[in-house]
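Trainee: Below is the sequence, then the predicted model.
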Amino acid sequence: MKFSRSLITAYSFLLAFAVCDAIIAVIYALQEIGWDQFQTNLAWVTCGLTAAISAWTCVLLATANRPQSTHPLCRVKAHYISLLIFSMVSLVLAIMIFTRLPKNCNLASEDSAGIHCGFSAVVAIFSIATFLDSTIMATVIITLSSRYNIRNNIASLNKVDGSDGGREENIEM
């Protein structure tokens with residue numbers, strides 16, 4: 001299997017996690033209005049940042065399989081740095097939401113405590129999924145590119161065949 005298929009699949013999962021996180025964060029923010037101002041603001045920030053991650057993932061997905069391109073977004077470094085930023089942002093969001101989780105889940109007097117607890121947990125879990133996916137992708141990309149000395153185009157990783165000790169396949173393009 002070519003690396004580009006794996007990369008496109010991984011980017012698709014990243015996009016799905018980020019879009020789900022953004023949608024649930026909007027619902028979470030709307031149901032938090034009037035209950036806790038900090039939670040409402042945190043939900044809107046989460047929504048905005050995950051929407052930005054989704055948009056930028058679409059751009060990276062569009063440039064992931066262009067072997068002849070010299071565009072800066074087709075470079076390994078652009079993908080690696082973007083994934084590191086996604087990873088850090090998602091981890092920070094997850095930590096902020098998880099720190100508020102005990103307050104949302106320990107509301108015995110509130111009838112809607114389950115809703116607050118559930119939405120915060122789901123948003124945090126999608127942030128963790130985005131963090132894990134982007135961290136794993138960044139690690140794989142930088143490991144393969146440094147092992148096979150590929151610095152330019154991310155699609156050049158398609159030429160690498162890991163079973164032959166690092167030699168490149170003869171692939172005509």
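Mentor: Sure thing, it's come through.

Trainee: which stretches of the chain form strands?
Mentor: For the chain, strands defined by DSSP state E do not occur.

Trainee: where does it have low pLDDT?
Mentor: Residues of the chain meeting the criterion pLDDT under 70: 1-2, 4, 34, 107-113, 149-151, 158-173.

Trainee: At the geometric centre of it, which residue sits there?
Mentor: Centroid check for the chain by Cα atoms, centre = their mean gives residue 130 as the closest residue, at 3.8 Å.

Trainee: and the longest helix along the chain, how far out from the chain's middle?
Mentor: If you go by DSSP state H, the chain has its longest helix at helix 113-147. With Cα atoms, centre = their mean, to the nearest Å as the basis, helix 113-147 stands 6 Å off its chain's centre.

Trainee: quick revisit: name the nearest residue to the residue nearest to the centre of the chain, sequence neighbours excluded.
Mentor: In this structure, residue 130 finds its nearest non-sequential neighbour in residue 90, 4.1 Å apart by Cβ to Cβ, 6 or more residues apart in numbering. Any C-beta I mention is one placed from the backbone N, CA and C, and that applies to glycine too.

Trainee: hmm, back to that, pretty sure the residue nearest to the centre of the chain is touching residue 21, no?
Mentor: Yes - using Cβ atoms under 8 Å, residue 130 makes contact with residue 21 at a distance of 6.3 Å.
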